[in-house]
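>>> output the structure for:
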Amino acid sequence: MRSGRITLIELLVIIGIIGVLISLCGGASFVLQFAFTLAAGWIFYLIRVVPQLSLNWSGFLTSLICLTAITFGLQWFLSWFYKQTQAKSGNPTPRDWSWSWTLKILAVVVLMFVAGISAIGVTHQTAWLVTSAEPLLQGGFREPGNRSQSMNNLHQIGIAFHDYHNTFRSFSPGVTFDKQGHMLHGWLTRLLPYIEEARIYQQINMSTPWNAPENVPAFREEISVYLNPAIDYRKDQDGFPLSHYAGNVRILGSDTAWKMHDITDGLSNTILAGEIASNFKSWGYPANARDPALGINQTPNGFGAPWRPYGAVFLFADGHVQFIHQEIDPEALRALATPNGGEEAVKLDGY
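You can find the predicted model right below:
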């Protein structure tokens, strides 16, 4: 007779049969997507979330003080209790309670606390996966990474805008003109020194148009921060590298240099730039701005992106980036497009 235990080979055979059945029912791509999500999904989550985190120093210091107080209090109580126990047992050579014992107990308590929070999170996410109507991994293997990279690009552009504002006490004008009214350069060009592209910026004569012969070599340089990795179309018909992002025409559509205090609707409630999905312009073309109020993925001259659920990622004037679903209420999107329209703050929960 054999025991009721399953051998390793039998377990592998069972797993293989289950994998084949799942492949037949849901397709091989489902198995690959599921395995990839379990193995690497947390990486994309960290890439997306960590840049948006900020340390609450008051909360951190409070937690540190409380943890220190608990440590010393626990050491005092356990030392007293251990001495009482030793005295009652009549031990002729009593030992002192060790700090290492206290720290080990405290480490176990903290580990159990963290494990409890993790278990709650796993339960919540498992329930979400089971009840979600969306596929486990939208857009295949590359989409999460591409979307995270695009969000990071906009985040870098936001940092550049704020660095520019710290230097000139205003955001970059959207476009500049010469005395004859000819367009010279746009906001993407002026941000070059603040996205670690000072080498290219120094090659540009800012007093002559962007496509003047002397400026052409610089504007044939590809700027990775201005490119969405999900879009393969990277150059126009003249060979100039493109930008897959555009500015909000209400702020970056003229030669006006907006200051932060001019945006009376609130920096966190005003779109500064965002992703586009068609009618791309060279990053050197000065008039690179669109109206968010046209909708998301609604018109070739508006904002948009290939992400599912369908929508686009936007940069706000305070520097944060956020995905907005294309089904957002048009009035809410129009309010986010205006820097001083006087509308109430828009809540983007669910978008």
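>>> lowest average confidence, helix or strand, in this structure?
The weakest-scoring helix or strand in the chain, judged by mean pLDDT, DSSP states H and E, is helix 28-49 (a mean of 62).
>>> next SSE downstream of that helix?
helix 57-89 (DSSP states H and E).
>>> how far is that next one from where the chain is centred?
Its chain's C-alpha centre and that of helix 57-89 lie 40 Å apart, by C-alpha atoms, centre = their mean, to the nearest Å.
>>> that one: what's the following helix or strand?
Scanning onward from helix 57-89 (DSSP H and E), the first element met is helix 99-131.
>>> output the contacting helices and strands for that following helix.
Helix 99-131 is packed against helix 57-89, with contacts defined by 3 or more C-beta pairs under 8 Å, 6 or more residues apart in numbering; DSSP states H and E. Placement of C-beta: from N, CA and C, glycine included.
>>> now do the helix it packs on: which elements does it pack against?
Helix 57-89 packs on helix 99-131, going by 3+ C-beta pairs under 8 Å, 6+ apart.
>>> near L191, how many other residues are there?
24 (other C-beta atoms under 10 Å).
>>> could you pull up the residues touching it?
I157, A160, F161, Y164, S172 (C-beta atoms under 8 Å, 6 or more residues apart in numbering).
>>> could you dump the residues you listed to CSV with pLDDT and neighbour count?
Below are the contacts of L191 laid out as CSV (pLDDT from 0 to 100; neighbours: other C-beta atoms under 10 Å):
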residue, pLDDT, neighbour count
I157, 96, 25
A160, 95, 23
F161, 95, 23
Y164, 95, 19
S172, 94, 24
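>>> going along the chain, name the strands of the stretch 151-300 of the chain.
175-177, 183-186, 242-243, 245-248, 271-275, 281-282, 289-290 (DSSP state E, counting those that start in this stretch).
>>> who's in contact with the last one?
Read that as strand 289-290. Counting by C-beta under 8 Å, 6+ apart, G174, V175, A246, G247, N248, V249, L252, G253, I276, N301, G302, F303 sit against strand 289-290.
>>> coming back round to it: how about the strands of the stretch 151-300 of the chain in a markdown table, adding mean pLDDT?
Compiled in a markdown table, the strands of the stretch 151-300 of the chain are given as follows (pLDDT from 0 to 100):
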| stretch | mean pLDDT |
| --- | --- |
| strand 175-177 | 94 |
| strand 183-186 | 95 |
| strand 242-243 | 95 |
| strand 245-248 | 96 |
| strand 271-275 | 96 |
| strand 281-282 | 94 |
| strand 289-290 | 94 |
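>>> V108: which of those is closest?
Of all these, strand 271-275 sits nearest to V108, with 47.3 Å by C-beta to C-beta.
>>> CA atoms only for that closest one - export them in CSV, please.
Output of strand 271-275 as CSV, limited to C-alpha atoms (Å, rounded to 0.1, in the frame of the first residue of the first chain):
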residue,chain,number,x,y,z
ILE,A,271,-4.4,70.8,-17.0
LEU,A,272,-1.0,72.0,-18.3
ALA,A,273,-0.2,69.3,-20.9
GLY,A,274,-1.1,65.8,-21.8
GLU,A,275,-0.9,62.8,-24.2
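>>> tell me which strands and helices that strand is in contact with?
Using 3+ C-beta pairs under 8 Å, 6+ apart as the test, strand 271-275 ends up in contact with helix 143-168, strand 245-248, helix 249-252, strand 311-316.
>>> any idea of the mean pLDDT for the third one?
Read that as helix 249-252. Across helix 249-252, pLDDT averages out at 95.
>>> what comes up buried for that helix?
Buried residues in helix 249-252, counting neighbours by 16 or more other C-beta atoms under 10 Å, are found at V249, R250, I251, L252.
>>> distance of the closest residue to the first one other than its chain neighbours from V321?
Which is V249. Leaving out its chain neighbours, the residue that sits closest to V249 by C-beta to C-beta, 6 or more residues apart in numbering is A289, at 4.0 Å. Between A289 and V321 the computed distance is 18 Å (C-beta to C-beta, to the nearest Å).
>>> between these two, which is the more surrounded one?
Per other C-beta under 10 Å, whichever of A289 and V321 has more neighbours is V321, with 24 against 20.
>>> quick check, that one in contact with N153.
No - using C-beta atoms under 8 Å, V321 is not in contact with N153, being 9.1 Å away.
>>> before we move on, back to that, save the helices and strands packed on strand 271-275 as CSV, and put in distance to G59 too.
Formatted as CSV, these follow (distance: least, C-beta to C-beta, whole Å):
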stretch, distance to G59
helix 143-168, 24
strand 245-248, 34
helix 249-252, 34
strand 311-316, 24
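>>> let me know which of these is tucked in deepest.
Across the helices and strands packed on strand 271-275, the average number of neighbours (mean count of other C-beta atoms under 10 Å) peaks for strand 245-248, which reaches a mean of 26.
>>> element containing E343, please.
Secondary structure (DSSP H and E) places E343 outside all helices and strands.
>>> pull the number of nearby residues for the residue nearest to D318 when sequence neighbours are not counted.
Using C-beta to C-beta, 6+ apart and skipping residues adjacent in sequence, the residue nearest D318 is L267, 3.7 Å away. By other C-beta under 10 Å, the residues close to L267 number 16.
>>> got the contact list for L267?
M260, F316, A317, D318, G319.
>>> may I ask which of those has the most neighbours?
Among those, where neighbours are counted by other C-beta under 10 Å, the top count belongs to A317, at 25 neighbours.
>>> tell me the predicted confidence for that one.
94.
>>> count the neighbours of Q326 for me.
The local packing of Q326 (other C-beta under 10 Å) involves 19 other residues.
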